[in-house]
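Colleague: Turn this into a structure:
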Amino acid sequence: MGDRVTPSVAETVRRTTTGEVTAVGLVDDCLARIGVRDAELNAFSVVLADRAHQEAAERDRALAAGEEPGPLHGVPVAIKEELDVEGSVTTFGGLANTTPAVADGQVVRRLRAAGAVIIGKTTMPEFGAWPYTESVARGITRNPWDPTRTPGGSSGGTAAAVASGMVPVGIGGDGGGSIRIPSAFCGLFGLKPQRGRVSTSPEPHLWWSLGTVGPLAGSVLDSALVYDVIRGNVAGDLYTAGGDESFVAAASREPGRLRIGWSVRPVARGVRPDPVHVEAVRDTARLLGDLGHDVFETDPAYPDPTVAFVPQFFAGIRHEADAVEHYDRLERRTRQTCRMGSWVTPAVRDRALRQTEVVSQRANRVFDRCDVLLTPAVAHRPPAVGVLARGGTVRAALRSMPAIAYAALWNVAGNPAAAVPSGVADDGLPTSVQLVGRTDDEATLFSLAAQLERARPWRLPANRT
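Modeller: A predicted model of the protein is given here:
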């Protein structure tokens, strides 16, 4: 491997489709990097080496036979534990399931159909309940920039795998910031799509209106390439999104002159943003102004999302916990969370879903005066690992507030929102800002983020080899 940096998704596809490298060779490279890095980082819960080799060999045979390659031909991809991969147990980050999935979920099916190779599944806190990737079953996952720090969560295993170069791209999920938080902590581009943009099948929903699925990537274009493959709905999906513009096309065009409002005010009361993140927003606002946009400070007048978010959080955890094979094997904190959420009856949950629409209407008023909202992605710097080492549900919830302070509202509202790298702070860790778009307008976020990437290229950890 030497000191060669892991190629991007776009570069990987160019190399495999032109015959410069084979899919089998790419899998071998990924497995070698996993062998070197994962013992320290703990990004993977399972590595599917044999299946990945078989799948890669199928890709190579198809190309040699003259078949048209897919848009992700030969690209190794990591999958978060909450998504079904045929032949692997869907553990949700715990020990309570033991039977392998009999079929791929819809996202994994689409990835394979596009030529991707599934390399393994990645760690997460049990049921993705917390924005730090620590669990009894899998232990602590660490940040490639500084292994004493958390990569965030709940898609922390995916973030660590991509940021360290073990894979070019990985799939995560976001029910309260779980794509954006680990992307921010690990220097990746991570966009939470519009609610309903990506099918959650075979499940009709993820935490009802809160959860979405999407990639964590090293570049805007890589994210767009994957989204154009996995987006779309099937019968049974509870939510669907509007709009059909290619995200690759959006990432390849100039955004035009936009009205961009910025604010460092957190949604969550009692949370103060770290000065590093405040300065990152201000620096980004200045850059956007230099790029020709109409940039101004604004008060988003955030609604309080608590009455919509909290019941769906508890209902989502309990729904997933009730479906596991061995309830008694759940973590003690998870069982406590289920007990604490017993007040969320179906009637309470349905009332929260109605409140979701109210919160969404109020949150979206900010877009009467701007096209994109710029905020911090998170309030705090990446904490030291062991965030969830002690205490129960209440302590974990309190320690989670700085991570979700800017993110969770947009799960309730449903809007697309992206964590965009903005530099590296004096502590040696990456900084990130959040771009929030209008309903169904991921395209503007891809176009604007790509412009930022060109103007201020970001880098991944120096040891990403």
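
Colleague: Give me the distance between the closest residue to Ala101 other than its chain neighbours and Arg138.
Modeller: Leaving aside its sequence neighbours, Ala101 sits nearest to Asp84 (Cβ to Cβ, 6 or more residues apart in numbering; 4.1 Å). In short, each C-beta sits where N, CA and C put it, glycine included. From Asp84 across to Arg138, the span is 18 Å (Cβ to Cβ, to the nearest Å).

Colleague: ok, back up a step: contact partners for the residue nearest to Ala101?
Modeller: 90, 101, 103-105, 108, 202 (Cβ atoms under 8 Å, 6 or more residues apart in numbering).

Colleague: Narrow the residues you listed to those in helices?
Modeller: Val108 (DSSP state H).

Colleague: what would the contacts of Asp84 look like in JSON lines with pLDDT?
Modeller: Compiled in JSON lines, these are given as follows (pLDDT from 0 to 100):
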{"residue": "Thr90", "pLDDT": "97"}
{"residue": "Ala101", "pLDDT": "97"}
{"residue": "Ala103", "pLDDT": "97"}
{"residue": "Asp104", "pLDDT": "98"}
{"residue": "Gly105", "pLDDT": "97"}
{"residue": "Val108", "pLDDT": "98"}
{"residue": "Pro202", "pLDDT": "95"}
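
Colleague: Any chance of a PyMOL selection covering the buried ones in the contacts of Asp84?
Modeller: What follows is the PyMOL syntax selecting those of the contacts of Asp84 that are buried according to 16 or more other Cβ atoms under 10 Å:
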select buried, resi 90+101+104+105+108
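
Colleague: which one of the contacts of Asp84 is nearest Glu11?
Modeller: Nearest to Glu11 among these is Val108, at 23.0 Å by Cβ to Cβ.

Colleague: Tell me, how many residues neighbour the closest residue to the closest one other than its chain neighbours?
Modeller: What sits nearest to Val108 in space, not counting adjacent residues and going by Cβ to Cβ, 6+ apart, is Val85, at 5.5 Å. Other residues lying near Val85 total 25 when counted by other Cβ atoms under 10 Å.

Colleague: Equivalent analysis for Leu409, please.
Modeller: Neighbours of Leu409 under the rule other Cβ under 10 Å: 29.

Colleague: ok, now Asp426?
Modeller: Residues within reach of Asp426, counting by other Cβ under 10 Å, total 6.

Colleague: Return the residues in contact with the residue nearest the centre of the chain.
Modeller: Nearest to the geometric centre of the chain sits Ile179, at 2.1 Å (Cα atoms, centre = their mean). The neighbours of Ile179, taking Cβ under 8 Å, 6+ apart as the test, are 155, 172-173, 190-192, 212, 214, 216, 419.

Colleague: how about the strands in the protein?
Modeller: 44-47, 76-80, 117-122, 134-135, 139-140, 169-174, 189-192, 212-217, 259-262, 294-297, 372-376, 417-424, 430-437 (DSSP state E).

Colleague: can I get those strands in TSV with mean pLDDT, mean neighbour count and distance to Leu225?
Modeller: Output for these, formatted as TSV (pLDDT from 0 to 100; neighbours: other Cβ atoms under 10 Å; distance: least, Cβ to Cβ, whole Å):
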stretch	mean pLDDT	mean neighbour count	distance to Leu225
strand 44-47	98	21	23
strand 76-80	98	30	11
strand 117-122	98	28	15
strand 134-135	96	26	31
strand 139-140	97	16	31
strand 169-174	98	29	8
strand 189-192	98	32	12
strand 212-217	98	28	8
strand 259-262	98	20	25
strand 294-297	98	15	29
strand 372-376	98	26	22
strand 417-424	97	26	15
strand 430-437	98	26	19
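
Colleague: Could I get the ones you listed in TSV, plus columns for distance to Thr240?
Modeller: Listed next are those as TSV, based on distance: least, Cβ to Cβ, whole Å:
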stretch	distance to Thr240
strand 44-47	31
strand 76-80	22
strand 117-122	26
strand 134-135	32
strand 139-140	38
strand 169-174	17
strand 189-192	16
strand 212-217	12
strand 259-262	28
strand 294-297	32
strand 372-376	23
strand 417-424	19
strand 430-437	18
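
Colleague: can you tell me how far Ala10 sits from Gly19?
Modeller: Counting by Cβ to Cβ, the gap from Ala10 to Gly19 is 17 Å.

Colleague: of these two, who's got more company?
Modeller: Taking neighbours as other Cβ under 10 Å, Ala10 and Gly19 compare with Ala10 leading, 17 against 10.

Colleague: Nearest residue to the more buried one in space, please, no chain neighbours.
Modeller: Leu221 (5.5 Å).

Colleague: surely that neighbour meets Ala249?
Modeller: No - using Cβ atoms under 8 Å, Leu221 is not in contact with Ala249, being 10.9 Å away.

Colleague: what's the closest of the contacts of Asp84 to Asp290?
Modeller: Closest approach to Asp290 among these (Cβ to Cβ): Val108, at 41.6 Å.

Colleague: okay but that closest one is in contact with Lys80, surely?
Modeller: No - counting by Cβ under 8 Å, Val108 does not reach Lys80; the two are 10.5 Å apart.

Colleague: how about the helices of the stretch 351-465 of the chain, start to end?
Modeller: 393-404, 408-413, 442-455 (DSSP state H, counting those that start in this stretch).

Colleague: got TSV for these, with mean pLDDT and distance to Leu429 too?
Modeller: Converted to TSV, those look like this (pLDDT from 0 to 100; distance: least, Cβ to Cβ, whole Å):
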stretch	mean pLDDT	distance to Leu429
helix 393-404	95	14
helix 408-413	98	22
helix 442-455	98	19
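
Colleague: hey, which of these is tucked in deepest?
Modeller: Counting by mean count of other Cβ atoms under 10 Å, helix 408-413 has the highest mean neighbour count of these, with a mean of 28.

Colleague: re earlier: quick check: neighbours shared by Val108 and Lys80?
Modeller: Residues touching both Val108 and Lys80 (Cβ under 8 Å, 6+ apart) are Ile171.

Colleague: related to what we said a few turns ago, want to throw the helices of the stretch 351-465 of the chain into a markdown table with distance to Arg381?
Modeller: Formatted as a markdown table, the helices of the stretch 351-465 of the chain follow (distance: least, Cβ to Cβ, whole Å):
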| stretch | distance to Arg381 |
| --- | --- |
| helix 393-404 | 9 |
| helix 408-413 | 19 |
| helix 442-455 | 21 |
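
Colleague: and of these, who's closest to Gly316?
Modeller: Here helix 408-413 is closest among the helices of the stretch 351-465 of the chain (Cβ to Cβ), at 10.8 Å.

Colleague: Show me the contact partners of that closest one.
Modeller: 174-177, 192, 195, 209-212, 267-268, 302-303, 305, 308-309, 356, 359-360, 363-364, 416-417, 436.

Colleague: for stretch 300-320, which positions count as buried?
Modeller: Judged by neighbour count (16+ other Cβ under 10 Å), stretch 300-320 contains these buried residues: 300, 302-303, 305-320.
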